[in-house]
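**Student:** take this sequence and fold it.
(one chain, ligands or ions: 1)
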Amino acid sequence: MWGKIREELRQRVGKNNYVTWIEPLRLADLRNGVARFEVPTTFFGDWVSRNFADHICSHLNNSGQSVDRVEFSVTARAPVAAKPVAKPVARAAEELPGAPLDQRFTFETFVVGKPNELAHAAARRVAEGGPVTFNPLFLYGGVGLGKTHLMHAIAHELQARQPELRVLYLSAEQFMYRFVQALRERQIMDFKELFRSVDVLMVDDVQFIAGKDSTQEEFFHTFNALVDQNKQIVISADRAPGEIKDLEERIKSRLQCGLVVDLHPTDYELRLGILQTKAEQYRQQYRGLVLAEGVLEFLAHRITTNVRVLEGALTRLFAFASLVGREITLELTQDCLSDILRASDRKVTIEEIQRKVAEHYNIRLSDMIGPKRLRNIARPRQIAMYLAKQLTPRSLPEIGRRFGGRDHTTIMHGVRKIEELMSTDSQLSDDLQMLKRVLQA
Ligand SMILES: Nc1ncnc2c1ncn2[C@@H]1O[C@H](COP(=O)(O)OP(=O)(O)OP(=O)(O)O)[C@@H](O)[C@H]1O
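**Tutor:** Residues are numbered from 1 along each chain as shown. Predicted coordinates:
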């Protein structure tokens with residue numbers, strides 16, 4: 001009887017839905033008006049219950065059974081259960097709605113140094129495939145520090161090792177776009193099915209979905225469904241999960257469940273390593289160009305913002321030298337890159353610190369310099385004092401003057417207070433890290 005009803009359901013829900021959601025159901029029991037089905041996972045049961053329970057119920061009734069309710073319980077036989085949700089709809093990886101991968105972003109071209117060694121090691125581990133050890137892998141760090149590069153490298157490596165794997169890489173913005181498109185075209189089931197049928201899902205810049213309620217909701221369910229199926233997820237963002245404003249708490253907590261790794265700002269050695277690797281490529285491209293000693297060291301020393309800027313500077317330098325047919329000397333470098341060098345020399349100002357801190361804690365800028373002593377104002381003010389001391393070369397009396405003419409002992413007290421709290425208050429120390437990153441970007 002169930003075989004016949006399944007056939008009818010296939011006509012009703014379509015082939016893809018049938019293969020994904022109906023075929024795996026096992027009718028375990030039917031009595032007292034209740035049809036009980038075995039399902040592979042709780043998520044699976046919830047999904048079928050929300051979307052197909054009414055169809056199932058009506059087809060059972062039409063076939064002469066008297067059924068008021070369908071129930072789903074997770075089967076004890078996990079290996080059999082895993083089969084249907086794995087790859088019911090055999091689609092080639094190239095059919096997936098992902099973003100194209102940059103061929104240059106591989107592990108071979110990624111230079112490893114202290115600031116990124118943990119992120120690199122974790123990415124390598126995921127790229128090996130095999131049993132999922134941490135889910136998700138969450139990579140975060142400031143602008144242009146190599147998050148996208150590492151994600152593409154994982155995808156390349158996985159595809160080289162296991163070409164049959166369905167690896168889907170896309171930005172959070174594209175995820176939202178696909179979702180909205182599916183809603184508009186009434187293809188939401190296809191959307192869900194597609195995203196739940198991948199083996200590896202990679203979502204770049206996840207902070208983008210913060211504050212976008214329906215997209216967050218859909219992302220949350222996709223995430224759970226894949227974790228439920230033990231499929232690998234890799235996520236990147238410009239800050240740690242807990243620091244992403246307007247991201248639902250339940251998503252934050254899921255994102256923190258796996259391995260969260262930070263790509264730290266580059267240090268001199270890493271920058272020099274990256275420049276040497278890129279310069280080697282350019283030497284091959286622009287044969288005959290001479291690069292004077294000390295140029296790369298000079299750039300590694302002066303351009304500290306991010307790797308994208310560093311790369312851009314080197315590209316421009318080689319292109320310029322080749323156009324004018326001159327050796328790349330320090331002098332040519334300073335001429336050609338004067339704007340980038342000037343921008344890199346930019347120092348953080350006390351006003352900028354006050355503005356960012358006020359924005360972050362949602363207080364008025366005028367409260368930074370005003371007399372209010374309420375804790376929700378006084379604490380951010382002390383944080384701004386601490387950052388002013390850390391990030392600018394200004395003396396305590398000078399900082400005091402910029403904070404509404406306060407005495408230098410008040411500034412000293414504020415700085416000490418924050419130093420003390422940093423070791424006990426993890427929220428505060430996260431806030432500080434994030435503010436420093438934003439201010440130094
Ligand atoms: N360690 C590295 N070795 C080699 N190239 C690197 C490294 N880190 C970054 N890059 C290069 O710097 C550029 C910017 O990197 P990427 O796009 O991955 O940054 P991102 O962290 O994703 O930045 P965003 O937050 O802006 O998306 C890329 O061209 C990338 O190849």
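**Student:** right, and the helix or strand after the lowest-mean-pLDDT helix or strand in the chain?
**Tutor:** Least confident helix or strand of the chain, by mean pLDDT, DSSP states H and E, is helix 78-86 with a mean of 35. Next along the chain after helix 78-86, taking DSSP states H and E as the criterion, comes helix 117-127.
**Student:** continuing past that next one, what's the next helix or strand?
**Tutor:** By DSSP H and E, the next helix or strand past helix 117-127 is strand 137-141.
**Student:** partners of that following strand, with directions?
**Tutor:** strand 232-237 (parallel), strand 259-263 (parallel) (DSSP bridges).
**Student:** near the ligand, which residues of the stretch 201-350 of the chain?
**Tutor:** 205, 238, 274, 307, 308, 311 (CB under 6 Å from any ligand atom). No exception for glycine: its C-beta is placed from N, CA and C like everyone else's.
**Student:** mind doing that once more with 5 Å?
**Tutor:** 274, 307, 308 (CB under 5 Å from any ligand atom).
**Student:** look through the stretch 301-441 of the chain and state the residue closest to the ligand.
**Tutor:** residue 307 (3.6 Å; CB to the nearest ligand atom).
**Student:** for the stretch 251-400 of the chain, which residues score under the pLDDT cut-off?
**Tutor:** Along the stretch 251-400 of the chain, segments meeting pLDDT under 70 span 345-346.
**Student:** which parts of it are helices?
**Tutor:** Under the criterion DSSP state H, counting those that start in this stretch, helices of the stretch 251-400 of the chain are mapped to 268-285, 295-302, 307-324, 330-336, 338-344, 350-361, 365-369, 375-391, 396-402.
**Student:** what would these look like in CSV with mean neighbour count and distance to residue 7?
**Tutor:** Below are the helices of the stretch 251-400 of the chain laid out as CSV (neighbours: other CB atoms under 10 Å; distance: least, CB to CB, whole Å):
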stretch, mean neighbour count, distance to residue 7
helix 268-285, 16, 60
helix 295-302, 18, 68
helix 307-324, 17, 56
helix 330-336, 16, 72
helix 338-344, 13, 67
helix 350-361, 19, 59
helix 365-369, 16, 68
helix 375-391, 20, 64
helix 396-402, 18, 77
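**Student:** reformat these as TSV; add distance to residue 191.
**Tutor:** Output for those, formatted as TSV (distance: least, CB to CB, whole Å):
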stretch	distance to residue 191
helix 268-285	39
helix 295-302	46
helix 307-324	32
helix 330-336	48
helix 338-344	42
helix 350-361	35
helix 365-369	43
helix 375-391	42
helix 396-402	52
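**Student:** can you redo the strands paired with strand 137-141 as a markdown table with mean neighbour count?
**Tutor:** Output for those, formatted as a markdown table (neighbours: other CB atoms under 10 Å):
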| stretch | mean neighbour count |
| --- | --- |
| strand 232-237 | 25 |
| strand 259-263 | 20 |
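**Student:** so for residue 246, which of those strands sits nearest?
**Tutor:** strand 232-237 (12.8 Å; CB to CB).
**Student:** contact partners of that closest one?
**Tutor:** The contact list for strand 232-237 (CB atoms under 8 Å, 6 or more residues apart in numbering) reads 123, 126, 132, 135-140, 147-148, 150-151, 154, 199-207, 223, 226-227, 244, 255, 258.
**Student:** then that strand to CSV, C-alphas only?
**Tutor:** The C-alpha trace of strand 232-237 is given here as CSV (Å, rounded to 0.1, in the frame of the first residue of the first chain):
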residue,chain,number,x,y,z
GLN,A,232,31.6,20.2,5.9
ILE,A,233,30.9,23.9,6.2
VAL,A,234,33.5,26.7,5.9
ILE,A,235,32.5,30.3,6.8
SER,A,236,34.5,33.5,6.7
ALA,A,237,33.7,36.9,8.2
